Each structure stands twice: as C-alpha cells, then as structure tokens.
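Asker: return atomic coordinates for the entry below.
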Amino acid sequence: MLHKETVSSEMWKLLQTLMKDEMLKDFNLVGGTALSLQIGHRLSIDIDLFTTKGFDEQKLLKHLVTKYPRVLINDMFNNTILLDIDKIKVDILSHQYPWQKSIETKDGIRLASLEDIGAMKLHAIFQNGTRIKDFIDMHFLLEHHPLRTYLEAYQNKYGGNPAMATYALLYHKNIDHEAKVKLLKGKETDMEKINERLNKAVLNPSLKFGQIPDLPKKGRGFRR
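Answerer: As a prediction, this is how the structure comes out:
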C-alpha cells in the first residue's frame, strides 16, 4: 500500500493519468516521489519518469502538449523533456542503466525498487552533493536495507567505485541547507542524526537501522 499522503491530490491524479498514457508505457516513477510513496518519510512535489530506452522527444512532447492542461516547457534535448503540467514539475528522460530489481506496479504506479533508488541517490550525491533531500533519503533508505545493498546496486548499475560513493556520502560541506524538505510526523530528524547514521553505515555497511513507528501524518520542516 502506497503512502499517498506524501503527495498532493492533484499530483496523485496526474500520476495516475501519466501511468495510463500509452505513450509513457515504458516510463517508470523514480526519485524522491517513488521513494516517499513506498516508505512514507517526506512530502514530494515533482515527478521523475525514467526509461532505459531511447525515445523521440519531439513526438512525445507534441503528444503531451496536446493531451495535458497548462503545459509549460522548461527544456528539451536528446532523450529528455523537462516541463510543468498543471504547475507540477515533470521530468521525462532516458536513463540507460539497467534496473537492479524488477519494476513493481502498486496502485497503478510503476515504481523503481528501493535498491535502484538507493543506487540513483548515491550516484546523485557523488555527482553533486548539494541537495539535502538526497542525504535525507539515504538516511531513511538505511532503515530498509543496509548500505552494502545500495553500494552493490550502485556499482552494478553505474560501474561506480563504492569507496568514492561512501566518501561522497560523508562529505557535507556543499549541502544547500536552505532548501526546504517537509518530513512527516514521526519522521523528524536533523543533520546531526543523519551524519551519525551515515557514519555508522559506512563503518559497518551490513548494518540495517530500525524504523521509527508511524504516527499520524503531518508535514514538518527539516531541522538543521
């Protein structure tokens, strides 16, 4: 059962429509929204749809502009479309790296696995360690699998060096602390706790952290 409280009703409705769109049948939900829907830790406000195949961005964009309301095109280039649909940010792109686990469909949504999301988060942190939400997401991913699982997925998916990924995971000097992240009630944390958990995970990659029991849901700000 998905944590629908992590997205707005408008975004959930758009997600359902996108998933039923025949032109998007090869695209799957990834990123923070896919993670939030599965583990229920924070609010998410945008949609990332990835395929491992190439696609005709001109043809797809023409379809989207025709079918969906209030489409604002932010950018388009090879195998990539960045746009807003009814004021919701939607990124559609080809990410030609193999899925580590099978795509699962829940409540009509095709979802990347936690292993794939963890690998993508490590890849994003290694490439650009400025987004605090990536570190927050890794903090909560460690309640579902140990770091070793995500490092193996990262290495297999991207051919990346796990040692470099762990170094990036502990390097926090470039994080933008002004970015707003709303955690759900019972999931509140801060940078000190995140740093502590990430350090423990790096020291013992087989360690899995216990989950905090779910409490009534209400968005809360991230505490530095």
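Asker: please count neighbours and contacts with C-alpha atoms only from this point.
Answerer: OK.
Asker: show me what contacts the most centrally placed residue in the chain?
Answerer: Per Cα atoms, centre = their mean, the C-alpha nearest to the average position across the chain is that of Gly31, at 1.7 Å. Contacts here follow Cα atoms under 8 Å, 6 or more residues apart in numbering; on that basis Gly31 touches 47-48, 117, 120-121.
Asker: now for Lys13, how many residues are close by?
Answerer: Using other Cα atoms under 10 Å, Lys13 has 11 neighbouring residues.
Asker: which SS state does it fall under?
Answerer: Following DSSP: H, G, I helix; E, B strand; the rest coil, we place Lys13 in the helix state.
Asker: would you mind measuring from Val202 to Ala168?
Answerer: The spacing between Val202 and Ala168, counted by Cα to Cα, to the nearest Å, is 11 Å.
Asker: what do you get for Leu184?
Answerer: Relative to Ala168, and taking Cα to Cα, Leu184 is found at 26 Å.
Asker: include pLDDT when you put the contacts of Gly31 into CSV, please.
Answerer: Output for those, formatted as CSV (pLDDT from 0 to 100):
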residue, pLDDT
Ile47, 99
Asp48, 99
Ile117, 99
Met120, 99
Lys121, 99
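Asker: and these, which is closest to Lys13?
Answerer: Using Cα to Cα, Ile47 comes nearest to Lys13 of these, at 11.9 Å.
Asker: identify the bridge partners of that closest one.
Answerer: As for beta bridges, Ile47 partners with Val90 under DSSP bridges.
Asker: can I assume it is in contact with Leu29?
Answerer: Yes. Ile47 lies in contact with Leu29 (Cα atoms under 8 Å); the separation is 7.2 Å.
Asker: show me the strands in the chain, by range?
Answerer: Remark: strands assigned in the chain by DSSP state E are 28-30, 46-51, 71-77, 80-85, 88-94, 104-106, 109-111, 182-184, 219-221.
Asker: what helices or strands is the fourth one leaning on?
Answerer: This means strand 80-85. Secondary-structure packing of strand 80-85 (3 or more Cα pairs under 8 Å, 6 or more residues apart in numbering; DSSP states H and E): helix 57-67, strand 71-77, strand 88-94.
Asker: for the third one, same thing?
Answerer: Taking 3+ Cα pairs under 8 Å, 6+ apart as contact, the helices and strands that strand 71-77 lies on are helix 57-67, strand 80-85.
Asker: reformat these as a markdown table; add mean pLDDT.
Answerer: Formatted as a markdown table, these follow (pLDDT from 0 to 100):
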| stretch | mean pLDDT |
| --- | --- |
| helix 57-67 | 98 |
| strand 80-85 | 99 |
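Asker: which among those is found nearest to His95?
Answerer: That would be, of the helices and strands packed on strand 71-77 and by Cα to Cα, strand 80-85, which comes in at 9.3 Å.
Asker: ok, residues contacting the closest one?
Answerer: Everything outside strand 80-85 that qualifies as a contact, by Cα under 8 Å, 6+ apart, is 57, 61, 68-76, 89-94.
Asker: whichever of the residues you listed end up buried, select them in ChimeraX.
Answerer: Paste this into ChimeraX to select the buried members of these, with burial taken from 16 or more other Cα atoms under 10 Å:
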select :57,61,71,72,76,89,90,91,92,93,94
